[in-house]
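> Structure, please.
(one chain, ligands or ions: 1)
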Amino acid sequence: MEEIVAKKRMLSGIKPSGDLTLGSYLGAVKNWAERADQYECFYFMADLHAITVRQNPADLRRRTLEQLAQYIACGLDPEKNTLFIQSHVHQHAELGWILDCYSMFGELSRMTQFKDKSAKNADNINAGLFTYPSLMAGDILLYQPDLVPVGEDQKQHVELTHVIARRFNGIYGDVFKIPEPFVPKVGARIMSLTNPLVKMSKSENEDTGRVLLMDPPEVIMKQFKRAITDSDTENCVRYDKENKPGVANLMTIYSAVTGKTYEEIENEFVGKGYGAFKPVVGEAVVEHLRPIREEANRLMKDKGYLENVYRDGAQKAAYVAEKTLRKVYKKVGFVAK
Ligand code: TRP
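Next up is the predicted model:
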């Protein structure tokens, strides 16, 4: 008889506050599609989190849908993964409030992201920016996941989720499963094309050396042609991250999109300089992203399909979330409806 083993559950949120970059694609999303066979995955667009910083409403709506379309285009199959929009599952806001009452002022004040963002948005240090981690703890704990894949910058929030969950469990018994943060090792770390010492970020400004997943071919080519290579006199394509970070970054990108090893790349460019290498990388990226961009654009025109995906996703998510929320309401002493 076939043994049925429950898959481990995984959950992650993505804030639709900026457009997806080549860096986040090669560093993370590209590897997500394969996870679905091993884990039961939940991914949501964290629109409730996005408004902690002022958003243009039309842009937020477009980006939320566009992100969904892009993830599907990158291979996240909605049949195998639960994809939903955070604000469609009201349990998030509800558990977020409850957990506000179990998060300490001192703990929230120590969060690095809060300190950074308040420094950057001095004219809008709102309470939501401050309690962001309790909402995030709610997002996570509602689903009782085993693993929460996040970037390095979100690890502190997942650790605080532990503290909050343990505090709550300490008072009421085992209500929440304690999840593990999980910073995936697979996936390349892609740096800015104009400053290979900093991570490629989803900045509005294209001078920061970023490539967006939805950038048209000519923009991608322009970005690669003006990529900073190193000012060594060698002018030779060789992997040396320490001394040639610009070339190393281009090699990482080229390797990720073509599957070639560094050695193969070095051999391919023997006797050719950086001037020949850069446009070849650009073209490889253009070709790699072309089907993704076209599919995402096609999906964006198929609003009916996207609607089916996120409605279906929200329904599945709410089913799981409601079970946890009901238990929490009962434990804290709310009268049953
Ligand atoms: N805070 C995360 C970010 O900025 C997004 C997020 C919201 C999230 N809720 C989450 C990630 C729950 C993991 C789990 O990227």
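
> which SS state does residue 178 fall under?
Classification of residue 178 using DSSP: H, G, I helix; E, B strand; the rest coil returns coil.

> contacts for the helix or strand containing residue 71?
Here residue 71, judged by DSSP states H and E, is contained in helix 57-73. With contact meaning Cβ atoms under 8 Å, 6 or more residues apart in numbering, helix 57-73 is reached by 14, 16-20, 29, 32, 43, 45, 47, 50-51, 78, 83, 85, 213-214, 291-293, 295-297, 299-300, 303, 306, 309-310. (Each C-beta comes from the backbone N, C-alpha and C, glycine too.)

> likewise stretch 111-118?
Contacts of stretch 111-118 (Cβ under 8 Å, 6+ apart): 52-53, 108, 125, 129-130, 132-133, 153-154, 156-157, 160.

> mind listing the helices in the chain by residue range?
22-24, 30-35, 47-50, 57-73, 91-100, 105-109, 112-120, 127-141, 155-172, 217-225, 245-258, 262-268, 274-301, 303-332 (DSSP state H).

> Comparing these, which yields the minimum mean pLDDT?
Note on these: lowest mean pLDDT is at helix 30-35, with a mean of 83.

> Within reach of the ligand, which of the contacts of stretch 111-118 are there?
Restricting the contacts of stretch 111-118 to those within reach of the ligand (Cβ under 6 Å from any ligand atom) leaves residue 154.

> what's the neighbour count on residue 193?
Look at residue 193: counted by other Cβ atoms under 10 Å, it has 28 neighbours.

> ok, and the closest non-adjacent residue to it?
residue 209 (3.7 Å; Cβ to Cβ, 6 or more residues apart in numbering).

> Just to check, that neighbour is in contact with residue 222?
No - counting by Cβ atoms under 8 Å, residue 222 is not a contact partner of residue 209; they are 11.4 Å apart.

> Looking at the two, which is more packed in?
residue 209 (23 against 14).

> Next one: that one relative to the ligand, how far apart?
21 Å (Cβ to the nearest ligand atom, to the nearest Å).

> and that residue, what does it touch?
Neighbouring residues of residue 209 by Cβ under 8 Å, 6+ apart: 192-195, 200, 223, 227-228.

> Now it, what are its backbone angles?
The phi and psi values for residue 209, taken as degrees, to the nearest 10, are phi 70, psi 40.

> cool, and the one 5 residues further on?
When read as degrees, to the nearest 10, the backbone of residue 214 gives phi -100, psi 10.

> mind checking pLDDT for it?
pLDDT at residue 214 comes out at 93.

> please begin residue numbering at 26 from this point
Sure, I'll start counting at 26 from here, so that last one is residue 239.

> burial count for it?
For residue 239, the count of nearby residues is 19 (other Cβ under 10 Å).

> Quick check, it in contact with residue 321.
Yes - the pair residue 239 / residue 321 is scored as a contact, 6.7 Å apart, by Cβ under 8 Å.

> Can you give me the neighbour number for the residue of the stretch 226-362 of the chain found nearest the ligand?
The minimum distance from the stretch 226-362 of the chain to the ligand, using Cβ to the nearest ligand atom, falls at residue 227 (10.9 Å). Using other Cβ under 10 Å, the number of residues around residue 227 comes to 15.

> What of residue 82?
8.

> and if you look at the one 4 residues further on?
Residue 86 sits with 13 neighbouring residues when counted by other Cβ under 10 Å.

> and the gap between it and the ligand?
Counting by Cβ to the nearest ligand atom - residue 86 and the ligand are separated by 18 Å.

> hmm, back to that, just the buried members of the contacts of residue 234?
The neighbour-count test (16 or more other Cβ atoms under 10 Å) marks 217-219, 225, 248, 252-253 as buried among the contacts of residue 234.

> quick one: which of those residues is nearest residue 206?
residue 225 (22.5 Å; Cβ to Cβ).

> give the contact list for the closest one.
The neighbours of residue 225, taking Cβ under 8 Å, 6+ apart as the test, are 46-48, 215-218, 234-236.
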